[in-house]
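Asks: Predicted structure and sequence below. I'll ask about it afterward.
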Amino acid sequence: MSEKFLSLNNIEKRFPIPNKPDYVAVRDVNLEIKKNEIISIIGHSGCGKSTLLNMISGLDAQSEGHILLENKEVKGPGPERAVVFQNHSLLPWLSVYQNIEMAVKKVMPELTSAELRARVEKFVSMVNLDHAKDKLPGEISGGMKQRVGIARALSIKPKVLLMDEPFGALDSLTRANLQEHLMRIQQSVQNTVIIITHDIDEAVLLSDRVIMMTNGPEATIGEILEVNLERPRNRVELQSDPEYIRCREAILSFLYEKFAKDDE
Amino acid sequence: MNNDTVKKIVLPLLVFVLIIQFWSEISNIVNGFPTPSETYKAAFGGTNEDGEIIKGVLSDPFYVNNQDDKGIFWQIIESLKRVFAGFVLAIFVGIPIGLFVGMSKSAQYALNPFIQIFKPVSPLAWLPLLLFIFQDINMTAISTIFITSIWPIIINTALGVRSVSQDYMNVAKVLQFSPLEKIVQIILPVSVPYIFTGMRLSLGIAWLVIVAAEMLTGGIGIGFWIWDEYNNLNYHNIIIGIIVVGLIGFFLDIIMGKIADYFDYTKKGRV
């Protein structure tokens, strides 16, 4: 079987500016992502990492280059590339259950009502929200909302799970808790996951590879770091693991020595 | 009862006393102006100066003497029927137009100038034209209410559609919703509170306009009834009419508000 699962070839994104040359956000991005691989894309703000994710999801179109998923060109958004949005984007008038149900119903219209219910319940349970399934998003915490977002994205059986700074808006304890959730889920349902993050520990903890982006404009991939850590990973034990320390230092050195960025 | 509750009851009562006082003063100054007690008798019945027992407008609202002489209940029902007919028609026409204007920039550019021009025109200005077209009192009143009600519904629906966050639309895009699914699953739920705000405004204005419209069209209805009482020199009944119209408008607004809250997801499940 070919290793090529998701490939980005010479991706470039330009934004037109009136009366000026186009703003080149990212350019020359080439990346091969294997099936069931978890990769993080890390970089300073403005490095175009969200732009990159939006092009993979199809919500935004690249100016140049091709994105291939299983040798098929990606054109426009689709449920096989599910997105977990930073602000969860749950529909506030639907309950936790209904938010997931809406997605499953649309993507798997062939399910009988019993199968539909079983599938929705399975994903509600997967993120431990059985007790809150009839609550509205306004009634649950930020971390719980994000878990619903993850359950909704996974419930439609995507080929790739795209996460745009999924835990960025949460406090560090909640964030750690969600990272554990994600790792546990990933152990049971193997998935290809791309996570945008600006958190070094999160990147190392979760990923098989960390993609480090140079600063924009004209950002591109600076370095790619392989994280050779066994799974399941334990965040406490990792703190003294030489490989973990090596990875952290590599990213730190990339972000703060090679591509340091002053606050604007 | 806490202090606030007492204030809420006592203060309006004080103002009520002041109003009655002021009204009595006017009756003293303006010759023939009905006094509060005369008006009360006209409303709830009593004995007149000749010692005859008379029935009040409000104590006997259901009488039907002939086609042109019916109790105030029937007058109000007739007015409400017209208001609801015009209002419902405006909902069915206005919401789709509002959705269209909200979703399509082109539709907005095309229609907005006309909405802005016709919106400030008093619906009563249309009335003679509508009377000429329909040659029928009922149709004229209903279509006047329709024109009155449609603008706030269109404008607020479009506003609601434009308030749909891009985040929700991204969810719809990832799930590959069809345009119809986008409307039903995302745009309508977001817009509903706005649509109901528009409907509430519309109903309020429609109730204002019906009184004036019926004065012009004649026949039956609370507006015509008030005008008729003026011609019959029953000035106390005009005052009763004003109070009744006010109360009904107040109740319509409360009912509409309750319905709006029921459909407004932001009023539910807030912690």
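Replies: Great, that's in hand.
Asks: Just give me the longest strand of chain A.
Replies: strand A:20-33 (DSSP state E).
Asks: Now do it, average pLDDT.
Replies: If you average the pLDDT over strand A:20-33, you get 91.
Asks: who does it touch, helix- and strand-wise?
Replies: strand A:6-17, helix A:49-57, strand A:221-226 (3 or more CB pairs under 8 Å, 6 or more residues apart in numbering or on different chains; DSSP states H and E). (Glycine included, C-beta is placed from N, CA and C.)
Asks: Quick check: which of the ones you listed has the most neighbours on average?
Replies: helix A:49-57 (a mean of 23; mean count of other CB atoms under 10 Å in any protein chain shown).
Asks: Low-confidence ranges, chain A, go.
Replies: Scanning chain A for pLDDT under 70 picks out A:1-3, A:262-264.
Asks: the helices in the stretch 101-250 of chain A, which residues?
Replies: A:113-126, A:142-155, A:172-188, A:200-206, A:235-238, A:242-253 (DSSP state H, counting those that start in this stretch).
Asks: Select, out of those, the one closest to chain B.
Replies: helix A:142-155 (8.5 Å; CB to the nearest CB).
Asks: tilt between that closest one and helix A:113-126?
Replies: 140 degrees (axes from the mean of the first three to the mean of the last three CA atoms, to 10 degrees).
Asks: Which stretches in chain B count as strands?
Replies: B:46-47, B:53-54, B:64-66, B:69-70.
Asks: what angle do the longest strand of chain A and helix A:49-57 make?
Replies: Going by the same axes, to 10 degrees, strand A:20-33 makes 70 degrees with helix A:49-57.
Asks: partners of the very next helix or strand once past strand A:20-33, with directions?
Replies: Downstream of strand A:20-33, the next assigned helix or strand under DSSP states H and E is strand A:38-42. Paired neighbours of strand A:38-42 in the sheet (DSSP bridges): strand A:192-197 (parallel), strand A:209-213 (parallel).
Asks: Rebuild those strands as TSV, extending it with mean neighbour count.
Replies: Below are those laid out as TSV (neighbours: other CB atoms under 10 Å in any protein chain shown):
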stretch	mean neighbour count
strand A:192-197	24
strand A:209-213	22
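Asks: Please convert those strands to a markdown table, extending it with distance to B:Phe84.
Replies: Below are the strands paired with strand A:38-42 laid out as a markdown table (distance: least, CB to CB, whole Å):
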| stretch | distance to B:Phe84 |
| --- | --- |
| strand A:192-197 | 53 |
| strand A:209-213 | 61 |
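Asks: right, and those - which one's nearest B:Asn28?
Replies: Proximity to B:Asn28 (CB to CB) singles out strand A:192-197 among those, at 79.8 Å.
Asks: now the angle from the longest strand of chain A to strand A:221-226?
Replies: 20 degrees.
Asks: Export strand A:20-33 to PDB, keeping only CA atoms.
Replies: C-alpha atoms of strand A:20-33 as PDB (Å, rounded to 0.1, in the frame of the first residue of the first chain):
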ATOM      1  CA  LYS A  20      -0.100  46.700  -3.800                       C
ATOM      2  CA  PRO A  21       1.500  43.400  -4.600                       C
ATOM      3  CA  ASP A  22      -0.300  40.400  -3.200                       C
ATOM      4  CA  TYR A  23       0.500  39.400   0.400                       C
ATOM      5  CA  VAL A  24       2.100  36.000   0.300                       C
ATOM      6  CA  ALA A  25       1.000  34.200   3.500                       C
ATOM      7  CA  VAL A  26       2.500  30.800   2.900                       C
ATOM      8  CA  ARG A  27       4.600  29.400   0.100                       C
ATOM      9  CA  ASP A  28       6.400  26.200  -1.000                       C
ATOM     10  CA  VAL A  29       4.700  24.000   1.500                       C
ATOM     11  CA  ASN A  30       5.400  20.400   0.700                       C
ATOM     12  CA  LEU A  31       4.300  17.700   3.200                       C
ATOM     13  CA  GLU A  32       3.400  14.000   3.100                       C
ATOM     14  CA  ILE A  33       1.200  12.800   5.900                       C
END
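Asks: For chain B, find the nearest of the helices and strands packed on strand A:20-33.
Replies: Once the helices and strands packed on strand A:20-33 are compared by CB to the nearest CB, helix A:49-57 is nearest, at 6.7 Å.
Asks: Now render the helices and strands packed on strand A:20-33 as a markdown table, adding distance to A:Asp201.
Replies: Formatted as a markdown table, those follow (distance: least, CB to CB, whole Å):
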| stretch | distance to A:Asp201 |
| --- | --- |
| strand A:6-17 | 25 |
| helix A:49-57 | 17 |
| strand A:221-226 | 14 |
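Asks: In CSV, list these along with distance to chain B.
Replies: CSV is the format used below for these (distance: least, CB to the nearest CB, whole Å):
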stretch, distance to chain B
strand A:6-17, 16
helix A:49-57, 7
strand A:221-226, 25
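Asks: Of these, which is nearest A:Leu154?
Replies: helix A:49-57 (15.1 Å).
Asks: quick one: buried residues of the helix or strand that comes right after that closest one?
Replies: Sequence-wise, the next helix or strand downstream of helix A:49-57 (DSSP H and E) is strand A:64-69. Across strand A:64-69, burial judged by 16 or more other CB atoms under 10 Å in any protein chain shown covers A:65, A:67, A:69.
Asks: measure the residue nearest to the last one when sequence neighbours are not counted to A:Val74 for me?
Replies: Spelled out, that is A:Leu69. Spatial nearest neighbour of A:Leu69, chain neighbours left out: A:Leu6 (5.2 Å); criterion: CB to CB, 6 or more residues apart in numbering or on different chains. To A:Val74, A:Leu6 is 9 Å away according to CB to CB, to the nearest Å.
Asks: Find residues that contact each of the two.
Replies: A:56, A:67-68 (CB atoms under 8 Å, 6 or more residues apart in numbering or on different chains).
Asks: confidence score at B:Leu130?
Replies: B:Leu130 is given a pLDDT of 94.
Asks: same thing with the one 3 residues further on?
Replies: Model confidence at B:Ile133, given as pLDDT, is 94.
Asks: tell me which residues of the longest helix seen in chain B are tucked away?
Replies: For chain B, the helix that runs over the most residues, judged by DSSP state H, is helix B:72-103. When burial is assessed from 16+ other CB under 10 Å, helix B:72-103 yields the following buried residues: B:72-80, B:82-83, B:85-87, B:89-91, B:94-95, B:97-103.
Asks: Now A:Thr214. Nearest residue, chain neighbours left out?
Replies: A:Gly222 (4.4 Å).
Asks: Confirm for me that that neighbour is in contact with A:Leu255.
Replies: No: with contacts counted by CB atoms under 8 Å, A:Gly222 stays clear of A:Leu255, the gap being 9.4 Å.
Asks: Overlap of the contact sets of these two?
Replies: The contact lists of A:Gly222 and A:Leu255 share A:Met212, where a contact means CB under 8 Å, 6+ apart.
Asks: What distance do you get for B:Gly124 to B:Gly221?
Replies: Not Gly; residue B:124 is Leu. Where B:Gly221 is concerned, B:Leu124 sits at a distance of 15 Å (CB to CB).
Asks: meant to ask about B:Val101
Replies: Taking CB to CB, one finds B:Val101 at 33 Å from B:Gly221.
Asks: Likewise for B:Ile76?
Replies: For B:Ile76 relative to B:Gly221 (CB to CB), the value is 8 Å.
Asks: residue boundaries of the helices in the stretch 151-271 of chain B?
Replies: Counting by DSSP H, counting those that start in this stretch, the helices of the stretch 151-271 of chain B are B:166-174, B:179-181, B:188-217, B:222-231, B:235-263.
Asks: chain center to the shortest one, what's the gap?
Replies: Taking the mean C-alpha point of helix B:179-181 and that of its whole chain, the gap between them comes to 33 Å (CA atoms, centre = their mean, to the nearest Å).
Asks: For that helix, give me every contacting residue.
Replies: Taking CB under 8 Å, 6+ apart as the rule, helix B:179-181 contacts A:106, B:172.
Asks: Let me know the outermost residue of chain B.
Replies: B:Val174 (42.8 Å; CA atoms, centre = their mean).
Asks: That'll do, ta.
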